[in-house]
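Undergrad: Build the 3D model from these lines:
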Amino acid sequence: MKKLSMPALRKKKFSTGSASATISKAGRSTGLGAKWQKSLAPVQQRWQALSTRDQWALILLGLFLLALLGGYGGYEINRAAKDQQQAYQDAVSDYFWLRGQAANINSNVNAEEANQSLDVTVNQLLGQSGIANAQVLAVGEGVQLSFTHDNQAVVSNALDALVQQGLTLSRLNIQQNPADRMIQVQVTASR
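TA: Take a look at the predicted model:
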């Protein structure tokens, strides 16, 4: 039994009796499908010319390459997803760190507080930290301060309050009097 090609079938099916109509209907049928058939014909001929063993070897090789490419693609997608997840975790961590730092940001500072002298600022900070009778003396660009207290935690919090306000501490001297256990602090603070 003779096989008819697609263009021949369409030519017979759509022929109306006139020669121009037959050519135009056949011309439409030689579109993309016919071009694929023409370009794949040599490949099909070479495939059929191969032995069965070679055909199976090529099929297995193709499946192996397909699995290899699919596995690598899956690996890349997984790696990209992990990278995105890590970036998200970093962003969330940064967000909560910033929220935790909100207490350190004093947004209610007005112009008077910003322009007051350093010795007044240091004296106020020490008073807020629980240090009474501190000696604060303006020296050049900074201040020298000296105070005593019996609780090491209060002393540490007072020094921490100075650092949180952006002051740089230098020449820090901390000593404890063995007789009365009072902690004596001498430090220079500057902006």
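Undergrad: Next, work out how far apart the nearest residue to Ser129 once chain neighbours are set aside and Ser51 are.
TA: When the adjacent residues along the chain are set aside, Ser129 lies closest to Ala158, with 3.8 Å between them (Cβ to Cβ, 6 or more residues apart in numbering). Placement of C-beta: from N, CA and C, glycine included. Using Cβ to Cβ, to the nearest Å, one obtains 92 Å as the distance from Ala158 to Ser51.
Undergrad: follow-up on the earlier one: how deep is the residue nearest to Ser129 tucked in, by neighbour count?
TA: When counting by other Cβ atoms under 10 Å, one arrives at 23 neighbours for Ala158.
Undergrad: can you map out the helices along the protein?
TA: Residue ranges of the helices in the chain, as given by DSSP state H, are 6-14, 19-29, 32-49, 52-100, 111-115, 118-128, 152-164.
Undergrad: chain center to the third one: distance?
TA: Which is helix 32-49. Chain-centre distance of helix 32-49: 49 Å, with Cα atoms, centre = their mean, to the nearest Å.
Undergrad: cool, and the last one?
TA: A distance of 36 Å separates the centroid of the chain from that of helix 152-164, by Cα atoms, centre = their mean.
Undergrad: angle of it against helix 118-128?
TA: Interaxial angle, helix 152-164 versus helix 118-128 (axes from the mean of the first three to the mean of the last three Cα atoms, to 10 degrees): 140 degrees.
Undergrad: and helix 152-164, what does it pack onto?
TA: Secondary-structure packing of helix 152-164 (3 or more Cβ pairs under 8 Å, 6 or more residues apart in numbering; DSSP states H and E): helix 118-128, strand 142-149, strand 168-176, strand 183-190.
Undergrad: most packed of those?
TA: strand 142-149 (a mean of 20; mean count of other Cβ atoms under 10 Å).
Undergrad: how about the helices of the chain in JSON lines, adding distance to Gly140 and mean pLDDT?
TA: Below are the helices of the chain laid out as JSON lines (distance: least, Cβ to Cβ, whole Å; pLDDT from 0 to 100):
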{"stretch": "helix 6-14", "distance to Gly140": "98", "mean pLDDT": "47"}
{"stretch": "helix 19-29", "distance to Gly140": "96", "mean pLDDT": "46"}
{"stretch": "helix 32-49", "distance to Gly140": "87", "mean pLDDT": "88"}
{"stretch": "helix 52-100", "distance to Gly140": "36", "mean pLDDT": "91"}
{"stretch": "helix 111-115", "distance to Gly140": "19", "mean pLDDT": "48"}
{"stretch": "helix 118-128", "distance to Gly140": "10", "mean pLDDT": "82"}
{"stretch": "helix 152-164", "distance to Gly140": "17", "mean pLDDT": "85"}
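Undergrad: and those helices, which is most packed in?
TA: Stretch with highest mean neighbour count among the helices of the chain: helix 118-128 (a mean of 17; mean count of other Cβ under 10 Å).
Undergrad: Since that was my last question, I'll sign off now.
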